[in-house]
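> sharing a sequence plus its predicted fold:
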Amino acid sequence: MRSDQIKKGAVRAPNRCLLYATGISHKDLDKPFIGIASSFTDLVPGHISMRDLERHIERGIAAGGGVPFVFGAPAVCDGIAMGHSGMHYSLASREIIADLVETVANAHMLDGLVLLSNCDKVTPGMLMAAARLNIPSIIVTAGPMMTGMFDHKRRSLVRDTFEAVGQFQAGKINEEQLGELEMQSCPGAGSCQGMYTANTMACLTEVLGMSLKGCASALAVSAKKKRIAYESGLRIVDLVKENICPRDILTLNAFKNAITVDMALGGSTNTVLHLPAVAYEAGMKLSLDLFDEISKKTPQIVCLEPAGDYYMEDLDNAGGIGAVLSAVKKSLNSSKTVNGKDILEIALDGKILDNQIIRADNPYRAEGSIAILKGNISPNGAVIKQAGVSEKMKVFSGKAKVFNSEDEAMKAILDKKIIGGDIVVIRYEGPSGGPGMREMLGPTSAIQGMGLAESVALLTDGRFSGGTRGPCIGHISPEAALGGVIGIIKDGDIINIDIYKRILNVELSDEEIKDRLSKNKKLEPKIKTGYLSRYAKLVQSADTGAILK
């Protein structure tokens, strides 16, 4: 076993002495050492139920003949970090999580890992660590939150609090109603209720084959989730004995399957950052063109919030990811999973229990949820969740209103300085320029809540929450801080968007663009000390997955 390096032979007497100090017995030295990387925290609703899940994972590991060791990993709640300087840390925390898991696992020569995760950057960070370490690993996502209830209607975070801010500013609801919504919309533990980033990544982790069947949609408060946690602990010991490692599972076929299901689900645009980053750690490259290629031939068969009116609890009741796999099985490729079954076998076992939630025979849209746009603004690509855009706005031209930060744009929107026909341009919010590529759920939700989503578009070198809907284009590459064309757009410039043709252009000649770029002065770094200053120097463009090099 790998852990023999810290526990076998006379020379390891000091190591064993310290291990005995943790309370393990002499007999435990003959068993595999399994780390439980837990991102438990009291700060994040998606993670507050993890103490209970840790116990069930420990029980499973012990029952399987392993020795469990819990260690911690950080978690950032994007919703709490949103709209202020804290959001600079969200995407950047993904790299910290991957580095931390690598550090603990290698320093202590663990034989295997159960990675207990849930929220937006934690799950991809855990996947990156698993791919990088390539020791037997299994991921347990802690599960989605139940919907809230107010005024005889189910409620959720994005529509009923973020978009409610815009509704309040527009005088559509009063302060008392706003207060009730913020109290009732998130009733307890779990990741946010719709197909936002956390739940999208949980679903794709199951499709990639790195978590057990049913894990993605099992609610955080359910006994089903506890059983999956226990079974994951049991299964990791078998994976160690069988020497089945993440790179045996995370193949190109697995990533293609994940992108296919992503498009069928109407998933978050953040997957276009995270899947390439995980693939990079597994030794391969996923291009943006692959996402677009798969999207064009994959119908969207599920439509949860924010684009639709259903929730993760509905998807679970409809058969979960197994049912979705059964619906798209003809588009899937053979790939191993931690279940001990091929993904094609799991797809054959899946059953659709509700044809209104999973519309295999009557898709919501002929294409998948995400489109990649290119043009003189984004020669390396930009991303839009076309599933959340009305037909009216899929071809749109407007005048640029330019802002050098999210904060400037948010103030202009709430001060009602944005009108129909405008295209809000938010720049210097990319991976390097941000730094950290802040999510723009505040501005996009305010535009939606104020009733401007059918007449105003937004584009940025930053990114969006999985909860964003409307004509919002992100991940523009190259970003402004790296000399991208978005950095030289001026107020009043005409911008043309055509989602059908995958085009994003500003009406400027090549000569004018070249002239403006030659005269453009980059802004000073926004943050000059600490982790984020180092991150800004190492992070690559969004089209690479914002990896560090």
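Perfect, I can see it now. Numbers count the residues shown, from 1 in each chain.
> can you show me the strands along the chain?
Along the chain, the segments classed as strands by DSSP state E run 33-38, 67-72, 112-117, 137-141, 148-150, 153-155, 370-373, 381-385, 395-403, 422-426, 457-460, 472-477, 494-498, 503-506.
> quick one: terminal-to-terminal distance for stretch 496-509?
Distance between the two ends of stretch 496-509: 14 Å, counting by CA to CA, to the nearest Å.
> correction: stretch 382-393
17 Å.
> mind listing what's buried in it?
Applying a neighbour-count criterion of 16 or more other CB atoms under 10 Å, one finds A382, V383, I384, K385, Q386, A387, G388, V389, M393 buried in stretch 382-393. In short, each C-beta sits where N, CA and C put it, glycine included.
> so the fifth one versus L373, what's the distance?
This points to Q386. Per CB to CB, to the nearest Å, Q386 is found 10 Å from L373.
> what's the overlap in contacts for the two?
Listed contacts common to Q386 and L373 are I499; contacts here mean CB atoms under 8 Å, 6 or more residues apart in numbering.
> got any ranges where the chain has weak pLDDT?
When the per-residue scores of the chain are filtered using pLDDT under 70, the ranges that remain are 466-467.
> which residue is nearest the middle of it?
Taking CA atoms, centre = their mean, the centroid of the chain lies closest to T197, which sits 3.7 Å from it.
> ok, it - contacts?
D78, D120, S268, N270, T271, S465, G466.
> swap in S232?
S232 makes contact with I57, G60, V114, I138, V140, S211, L212, C215 under the criterion CB under 8 Å, 6+ apart.
> which one of the residues you listed has the most neighbours?
V140 (34 neighbours; other CB atoms under 10 Å).
> beta partners for it?
Residues found in beta-bridge contact with V140 (criterion: DSSP bridges) are L116.
> surely N496 is in contact with E507?
Yes: here N496 reaches E507: they are 6.7 Å apart, a contact under CB atoms under 8 Å.
> show me which of these two is the more surrounded one.
The residue with more neighbours, out of N496 and E507, is N496; 17 against 11, by other CB under 10 Å.
> for the more buried one, give its distance to L252.
Using CB to CB, N496 is found at 35 Å from L252.
> what do you get for M82?
Distance of M82 to L252, given as CB to CB: 34 Å.
> could I get the contacting residues of L212?
For L212, the set of contacting residues under the criterion of CB under 8 Å, 6+ apart consists of I138, V140, E206, I228, E231, S232, R235, V338, N339.
> which of the strands of the chain is buried the deepest?
Between the strands of the chain, strand 137-141 has the highest mean count of neighbours, a mean of 31, where neighbours are mean count of other CB atoms under 10 Å.
> elements contacting it?
Judged by 3 or more CB pairs under 8 Å, 6 or more residues apart in numbering; DSSP states H and E, the packing partners of strand 137-141 are strand 112-117, helix 122-133, helix 197-208, helix 223-242.
> give me that answer again for 6 Å
Packing contacts for strand 137-141, counted by 3 or more CB pairs under 6 Å, 6 or more residues apart in numbering; DSSP states H and E, involve strand 112-117, helix 223-242.
> ok, and what's touching the first one?
Going back to what we said before, that points to strand 112-117. For strand 112-117, the external contacting residues (CB atoms under 6 Å, 6 or more residues apart in numbering) are 34-39, 50, 57, 123, 126, 136-141, 232, 236, 240.
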